[in-house]
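Participant: Sharing a model that was predicted from the sequence below.
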Amino acid sequence: MRLTKGRRLAQGAGLLLGLFGATGIGMTHILFPGLHCYACPWAITVCPIGLAQNLVIFGTVPFFWLGAIIAYGLVAARGFCGWFCPFGTLNDLLAFRKVRIRANLSYGKFVVLIATLIGAWALTDTVFCKLCPAASLEASLPYLFLGVAKVNGPFLIHMATLGLSLVGMVLVARFWCRYLCPMGAILSLFNRVSLLHVQWRPSSCTGCESCIAACPMGVDPRSEHDSHNCIKCGECVSACRPDCLALRVGRRRSE
Amino acid sequence: MRRAGAAAIFLLVIAGAAILSIGVAAQEGILTLRVEPNVVEVAPGASASGRIVLRNESLREADDVEFAWTGATGIALATTPQSVSVVGAFASSTVAFTLVAAPTVAIGDVRGSLEVLYTYCIDELCFQIAETVPVDVRVAATPQTPSATALGETDGFQPASPDVGAWRWWVLAVTVLFVLVAAALGRSRRIRTATALALVVAGVAVLVLGVRLDQHTQAQAVGAVLCTSCVGIETVEVQAPRLSTAQAAAVDRLSKPVELLVFYATWCRSCPYAEAMVDLVATRNPLVSYRLVNAETERGLAAEHGVTRAGRTVVPAIVRVDTGKVLFGAEKLGDRLVGLIEEGM
């Protein structure tokens, strides 16, 4: 229970950082460790996916971007999806059906990532941003009310992607995070080496599988807690009665 | 332990290669260069004309383009071609040159080259680019002088320089390879710590390098200015702006001076359209004057004129100075711009 409360607090902090511009502070140099649109009127951080596309278009070398991504990856990797990302939090709020993940489809997020970068290069345009449901929610809608956006073709495309994503989230818990999120794809590459990690002690496991039922990503936390689909949210840890699962920070011990 | 050390060294080598390739690649040019005609024919002791077409297919502008001739003994430039101050984003420019053959030059084919020197900047970071375009010269007793029409043909465009976009693949490939190798090595518990340590070193190195290159400022600049077409608030206008008969008549009817400010960002794709539309109106009626304002560098001015919405500077934005009214974006701009300038006339 403490873990769940802590996670809600951290998710609240993620939302706070995402919307901190409401205080009047302008854009900073910080890359957001999640999917959060920098075009959001209240954003003070830069979206790594949006910036990556711009860097590809500009032909800029991605030193700063890469350094920040590696730093986030080493600290928590996809833990940011489970604990910090505001769009992940929205996924969480709609996580009613914790069905098992379709492993093959979960590679879709890597396809989206690669298509995003290739699209930016080939079309010299931020194609993903025009489809991104986070941008729909965090930029298109606010700018409509601020008098900058209009109900036009691009706006309706945004609403369609947002609508489809929301339907997906309701039908399948963490639908966006499981199958489509390019930021999740990037962070997942660091899942095995991050400081934040889930540990499983098989010696005390009774095989009750309550951890599987609790996992919003639909993975088996016993065998897949280091896979690209684990968001280190700790739901399995809270559900595990024999305490054979633990969320740890630091060097990994042998299981 | 030896495996761990080898893995760490491997990762560091890949990181180094990534940095090196990225650094080298960053200094690739942005202009595609082509010489017309394909072969310049010239008689000994005579001169012949050619031209070089500069095509900029990037979002950046190329500045201070200068030319020099090298190679091909007995062939020289009559005069140094006039330098080009700016080749704008997605724009082209053509520069004529005249080659002179010495009276003693031998009949036959020779190859010289034009050296093209220019700069382009990504925010505060500027690169000086030197590219060489081969020029084939045929020294013939009775050369066939190319006609003006032939020189003007643009079909069958064949880039004379290597594909300037190819390096981006290298950047992506090497960067992705590095992280993928790290991710794969993380599978083995024995070398996981070494992998993490190698990533720490690589991460700190590229982060520091990025900050030293001022890339954090670039990241901030991208985030601080909202380009309406970039996040799908409107579509990108790529066609040349035109005024309808009614719009042109409305512009002609203006009776008082109107001063406009056009806020843009260098990387905004809709901004050139907005700038061109305002220029079209200002050219049609001299009572309309305008000034281009870089929203990235003049944020104070942007805030002062209401171009900032909830802390975000929005481009393209056109401000009428006397009324303070602002137009955002480039969609259906003709009607909106005419409406803005004819108000109160």
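Facilitator: That came through, no problem.

Participant: which residues touch the residue lying farthest from the centre of chain A?
Facilitator: Relative to the C-alpha centroid of chain A, counting by C-alpha atoms, centre = their mean, residue A:203 is the outermost residue, at 32.0 Å. By C-beta atoms under 8 Å, 6 or more residues apart in numbering or on different chains, the contact list for residue A:203 reads residue A:244. For glycine as for every other residue, the C-beta is placed from the backbone atoms N, C-alpha and C.

Participant: What values do phi and psi take at it?
Facilitator: phi -60, psi -30 (degrees, to the nearest 10).

Participant: how close does it get to residue A:88?
Facilitator: Note on residue A:203: its distance to residue A:88, by C-beta to C-beta, to the nearest Å, is 32 Å.

Participant: picking up where we left off before, give me the distance between the residue farthest from the centre of chain A and chain B.
Facilitator: To chain B, residue A:203 is 17 Å away according to C-beta to the nearest C-beta, to the nearest Å.

Participant: Tell me the confidence at that residue?
Facilitator: You'll see residue A:203 listed with a pLDDT of 89.

Participant: same thing with residue A:58?
Facilitator: Per-residue confidence at residue A:58 stands at 77 (pLDDT).

Participant: check contacts around residue 87.
Facilitator: Since no chain was named, I'll use chain A. Each residue near residue A:87 by C-beta under 8 Å, 6+ apart is listed here: A:34, A:35, A:36, A:133, A:134, A:137, A:176, A:181.

Participant: my bad, the chain I had in mind was chain B
Facilitator: Going by C-beta under 8 Å, 6+ apart, the list of residues near residue B:87 reads B:31, B:54, B:56, B:61, B:62, B:65, B:93, B:118.

Participant: where are the low-confidence patches of the chain?
Facilitator: Answering for chain A, as no chain was given. Low-confidence segments of chain A, defined by pLDDT under 70, are located at A:1, A:254-255.

Participant: please go with chain B instead
Facilitator: Across chain B (using pLDDT under 70), the flagged ranges come out as B:1-28, B:57-59, B:89-90, B:122-126, B:142-173, B:175-176, B:185-188, B:238, B:310-311.

Participant: for it, what spans make up the helices?
Facilitator: Counting by DSSP state H, chain B has these helices, from start to end: B:2-25, B:148-152, B:166-185, B:192-212, B:215-224, B:245-252, B:271-284, B:299-304, B:333-342.

Participant: Assign the residue positioned nearest the centre of chain A to helix, strand or coil.
Facilitator: The centre of chain A sits closest to residue A:81, judged by C-alpha atoms, centre = their mean, with a distance of 3.6 Å. Secondary structure, DSSP: H, G, I helix; E, B strand; the rest coil: residue A:81 is helix.

Participant: anything in stretch A:232-245 near chain B?
Facilitator: No - for a cut-off given as C-beta under 8 Å from any C-beta of the partner chain, stretch A:232-245 has no contacts with chain B; the smallest distance is 14.4 Å.

Participant: what residues does that stretch touch?
Facilitator: So stretch A:232-245 is contacted by A:1, A:3-4, A:7, A:76-79, A:81-83, A:92, A:191, A:194, A:196-206, A:208, A:210-217, A:221-222, A:225, A:246-247 (C-beta under 8 Å, 6+ apart).

Participant: cool, and stretch B:336-344?
Facilitator: Contacts for stretch B:336-344 (C-beta under 8 Å, 6+ apart): B:243, B:247, B:250-251, B:253-254, B:256, B:258, B:260, B:277-278, B:281, B:288, B:318, B:320, B:323, B:325, B:327.

Participant: related to what we said a few turns ago, the contacts of residue B:87 in strands, which ones?
Facilitator: B:31, B:54, B:56, B:62, B:65, B:93, B:118 (DSSP state E).

Participant: ok, is stretch B:259-269 in contact with chain A or not?
Facilitator: Yes - Stretch B:259-269 is in contact with chain A by C-beta under 8 Å from any C-beta, via B:267, B:269.

Participant: how far does that stretch stretch from start to finish?
Facilitator: Start-to-end span of stretch B:259-269 (C-alpha to C-alpha, to the nearest Å) is 24 Å.

Participant: Would you mark the buried spots in that stretch?
Facilitator: Residues of stretch B:259-269 classed as buried: B:260, B:261, B:262, B:263, B:264, B:265, B:266, B:267, B:268, B:269 (neighbour count, 16 or more other C-beta atoms under 10 Å in any protein chain shown).

Participant: among the contacts of residue A:87, who's most crowded?
Facilitator: residue A:181 (32 neighbours; other C-beta atoms under 10 Å in any protein chain shown).

Participant: Once you drop chain neighbours, what's closest to that one?
Facilitator: Sequence neighbours aside, residue A:109 is the residue nearest to residue A:181 in space, at 5.3 Å (criterion: C-beta to C-beta, 6 or more residues apart in numbering or on different chains).

Participant: next one: residue A:139
Facilitator: In this structure, residue A:139 finds its nearest non-sequential neighbour in residue A:39, 4.0 Å apart by C-beta to C-beta, 6+ apart.

Participant: For the one you found, what are phi and psi?
Facilitator: Phi and psi for residue A:39, reported as degrees, to the nearest 10, are phi -80, psi -10.

Participant: Relative to chain B, how far out is the closest residue in space to residue A:179 that isn't next to it in sequence?
Facilitator: Spatially, and ignoring its direct neighbours in sequence, residue A:179 is nearest to residue A:108 (4.5 Å; C-beta to C-beta, 6+ apart). Residue A:108 sits 17 Å away from chain B, going by C-beta to the nearest C-beta.

Participant: In this model residue A:181 seems to touch residue A:108, though I could be wrong.
Facilitator: No - between residue A:108 and residue A:181 there is no contact under C-beta atoms under 8 Å: 9.4 Å.

Participant: Show the contacting residues for the residue nearest to the centre of chain A.
Facilitator: When contacts are counted by C-beta under 8 Å, 6+ apart, residue A:81 touches A:34, A:88, A:177, A:181, A:183, A:184, A:187, A:231, A:233.

Participant: of all those, which comes closest to residue B:104?
Facilitator: Residue B:104 has its nearest neighbour among the contacts of residue A:81 in residue A:183, at 67.9 Å by C-beta to C-beta.

Participant: what's the neighbour count on that closest one?
Facilitator: Residue A:183 is flanked by 29 other residues according to other C-beta under 10 Å.

Participant: SS state for residue A:137?
Facilitator: Applying three-state DSSP: residue A:137 is helix.

Participant: Contacts only, for it.
Facilitator: Counting by C-beta under 8 Å, 6+ apart, the residues that residue A:137 touches are A:37, A:87, A:90, A:162.

Participant: Kindly provide the distance from the third one to chain B.
Facilitator: Okay, so that is residue A:90. 18 Å.

Participant: Just say helix, strand or coil for that residue.
Facilitator: Counting by three-state DSSP, the backbone at residue A:90 sits in helix.

Participant: Isn't it up against residue A:168?
Facilitator: No - the criterion here is C-beta under 8 Å, and residue A:90 misses it with residue A:168 at 11.7 Å.

Participant: near chain B, which residues of the stretch 151-255 of chain A?
Facilitator: Contacts of the stretch 151-255 of chain A with chain B, taken as C-beta under 8 Å from any C-beta, map to A:152-155, A:157-158, A:189-193, A:226, A:251-252, A:254.

Participant: I'd like to know which of these is nearest to chain B.
Facilitator: Comparing those against chain B with C-beta to the nearest C-beta places residue A:192 closest, at 3.2 Å.
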